[in-house]
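Novice: model the following, please.
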Amino acid sequence: MKYQLSTFNSETRYYTRHLAKHRGKSMLIVVPRFTKESFLAIAPLSRAAHELGKDVKVVIPNGNSKALEVLEDVWACYEDLKRGKTNPQTKALARFIKLVSKKIEHFEEIFKRPSIIVYATPQGFKLEEQYLQYKHQWFKPYRRNALRKTCRLVWDKVFALKQSEVVDCKFELVPTRERLELPLEDYLNNFAIMLAMVGTCPGKPRLSSATPRASQLAKPERVSELIATLSGCELDKDIPDPVFKAYKKLSELLGLARLKPGDAIFAISGKGYYGLHAFGEKIGYPTKNRKSRWQSPTQMMLKLPFYPQTAHEERPPLTRIGFTETLPIDVFIQSCNIDWDEMRKRNLQLQKLIQGCDKLEVTGKPLNGKSTNLVVYIKSAKRERSIMLSDGDARTKIDTSHFRKTGIKAGRMANIPAGEVFFTPESIEGVFVGDVVIAIDQSYKLNPKKPLVIKAKEGFYQVVDGDTNIIKKLNKKKRESWRLLLEQEKHGSAPKRLIQLKKRNFNRIGEFAINTNPKAKLCDYLIVNEKIAHMIHIALGSGFEPDRATSYHMDIVIDAKRQRLNIVGVKGNKRVWIMKQGRLVA
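Specialist: A predicted model of the protein is given here:
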């Protein structure tokens, strides 16, 4: 490990001793202005809080404290309401809670102030009347110059961030030992990477994090859920439904319009989920024309091209996103410190080659008695699927290519690292053998000696073999995703046609992709492995066109070199080689 593990454990014990004296589960850490010392100390502090069973929310507004001011005003109003104080503000809050509570049981709970609030000060973390030292000696700089150079490249080539733009930076807290399936070092790397990203950011960064959930169906961290609910309702406050009318009155009285989305999002993710966003799943956020509903404010703000709601939403996207995982620093540098323009040029050539094909034929050598043998259809009598690029382009909020094609102002999303040419298959037939990694609630390595074998027929799939533990996790995610659909159907939080669409697509294969990043190397994380040139990946579930949406998306990476894959594009009677024996030749 590149960090001081014994020091980290000692610093965690220090915070554990002090936090153990304070009862309550909900804990908010506020760092008014970003400093290296206070930020790095959040790593052992969050581990200590999690080991004590506490839920943690971190907010680092970096001088832009409007959201914190909103939270304070809402908490104070709710406390006045519970004390029996009557004024226009408490009346408005009571009416909003009453209307929402008809659909959401225990909705009122999200308005409770956290039981523990920790403030970062020049003297250390202030916890009630005591000050806790900033414990950050665990951290040792590693490849600092190369990391900062890579971060500058990401800001420039992925985001093209302007000085005036606000960027929301989301990082991972350190989980308990019991929940730690990914390496501890990688969680600590996420602090190092975020430190470098903030230090090189040309815009105005503000940071946040929260304790994740093991299940998509679990209640989210409370402060995050309050912020999400207020943010979504603020965007929809002019919708003439009773709930939103009530919210609008509350917003006017408390000045909730101070809640503003950033111009961009940079996110690092580890293991777990946000949880079930109750307002989105049980009420939903209407599109402006009220023909559809969104299930989260983030969906509304991003308005990505493949969301079915996007075609019904007149309002433009408000932000753009680039995201990665808790990568080792060496992997982050190697896979992102590339010639982005050259990769985009290469992707464009491959896109043009595949776009004219009717289908792709994919064949491979046996791996433990199982071999990949697929026909992937791009065209049918009804339609031709679009060949798309994942080249890390979140430089504008509006996807200009999609706008030229459809006239719809949709948003942008970028993987970091990037590098793939992909499409939603019109149909797919055959078998494929996943032998590298699968993304479920985190990235899981696949054992080539016990690979995941998937059979496809008419575009739908069935898992026929694989590691029992992997299949168990896959099926758990599917069960939870199906329950989310049933919840939306039960509460009417999404149009019936959208629910039926997602049900029809539930067991479909949603993506076929050829990886193109020239420097990405094999590691434990899908977001890198699905970019390695000379590999491919296939996704179960949701596709990247609006008619192929469903409630989950699980990528599976296939080692084309190991399986000696051949990929041939078929255009009528013409055959075009794309990959030979696991190497791109197109």
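Novice: flag the shaky bits of the stretch 451-586 of the chain, pLDDT-wise.
Specialist: Applying pLDDT under 70 to the stretch 451-586 of the chain flags no residue at all.
Novice: which parts of the stretch 401-550 of the chain are strands?
Specialist: Here the stretch 401-550 of the chain has its strands, by DSSP state E, counting those that start in this stretch, at 413-415, 420-423, 427-434, 437-439, 443-445, 452-457, 460-465, 509-515, 536-541.
Novice: same list (those) but as CSV, adding mean neighbour count and distance to Phe125.
Specialist: All C-beta atoms are positioned from the backbone trio N, CA, C, and that covers glycine. Shown next, in CSV, are these (neighbours: other CB atoms under 10 Å; distance: least, CB to CB, whole Å):
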stretch, mean neighbour count, distance to Phe125
strand 413-415, 22, 34
strand 420-423, 25, 42
strand 427-434, 22, 45
strand 437-439, 24, 35
strand 443-445, 22, 32
strand 452-457, 20, 45
strand 460-465, 14, 47
strand 509-515, 25, 43
strand 536-541, 26, 42
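Novice: nearest to Pro316, out of these?
Specialist: strand 413-415 (15.2 Å; CB to CB).
Novice: grab the CA positions of stretch 216-230 and hand them over as CSV.
Specialist: The C-alpha trace of stretch 216-230 is given here as CSV (Å, rounded to 0.1, in the frame of the first residue of the first chain):
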residue,chain,number,x,y,z
GLN,A,216,-31.4,0.2,-4.6
LEU,A,217,-34.5,-0.1,-2.4
ALA,A,218,-33.0,1.2,0.8
LYS,A,219,-33.8,4.6,2.3
PRO,A,220,-31.0,7.0,1.2
GLU,A,221,-28.9,9.1,3.5
ARG,A,222,-31.3,11.6,4.9
VAL,A,223,-29.7,15.0,4.1
SER,A,224,-29.0,13.8,0.5
GLU,A,225,-32.7,12.8,0.2
LEU,A,226,-33.8,16.2,1.4
ILE,A,227,-31.5,18.0,-1.0
ALA,A,228,-32.7,15.8,-3.9
THR,A,229,-36.4,16.3,-3.1
LEU,A,230,-36.0,20.1,-2.8
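Novice: related to what we said a few turns ago, could you dump the strands of the stretch 401-550 of the chain to TSV with distance to Ser10?
Specialist: Converted to TSV, those look like this (distance: least, CB to CB, whole Å):
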stretch	distance to Ser10
strand 413-415	37
strand 420-423	43
strand 427-434	41
strand 437-439	34
strand 443-445	30
strand 452-457	41
strand 460-465	45
strand 509-515	42
strand 536-541	41
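Novice: out of these, nearest to Gln295?
Specialist: Closest among the strands of the stretch 401-550 of the chain, once you apply CB to CB, is strand 536-541, at 15.6 Å.
Novice: tell me which strands that closest one pairs with, and in which orientation.
Specialist: strand 509-515 (antiparallel), strand 553-558 (antiparallel) (DSSP bridges).
Novice: need those in TSV (columns: distance to Ile117).
Specialist: Formatted as TSV, the strands paired with strand 536-541 follow (distance: least, CB to CB, whole Å):
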stretch	distance to Ile117
strand 509-515	43
strand 553-558	37
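Novice: between those, which one is nearest to Asp339?
Specialist: Closest of those to Asp339 is strand 509-515, at 16.5 Å (criterion: CB to CB).
Novice: returning to that earlier point: out of the strands paired with strand 536-541, which is closest to Glu105?
Specialist: Of all those, strand 553-558 sits nearest to Glu105, with 29.2 Å by CB to CB.
Novice: rewinding a little: closest one to Ser231 among the strands of the stretch 401-550 of the chain?
Specialist: Of all those, strand 413-415 comes closest under CB to CB, at 18.7 Å.
Novice: what packs against the closest one?
Specialist: Judged by 3 or more CB pairs under 8 Å, 6 or more residues apart in numbering; DSSP states H and E, the packing partners of strand 413-415 are strand 321-325.
Novice: what's the strand it packs on packed up against?
Specialist: By 3+ CB pairs under 8 Å, 6+ apart, strand 321-325 packs against strand 264-269, strand 413-415, helix 526-529.
Novice: run the last query once more with 7 Å
Specialist: Other elements packing on strand 321-325 under the criterion 3 or more CB pairs under 7 Å, 6 or more residues apart in numbering; DSSP states H and E are strand 264-269, strand 413-415.
Novice: what's the first helix or strand after it?
Specialist: Later in the chain than strand 321-325, the nearest helix or strand by DSSP states H and E is helix 329-336.
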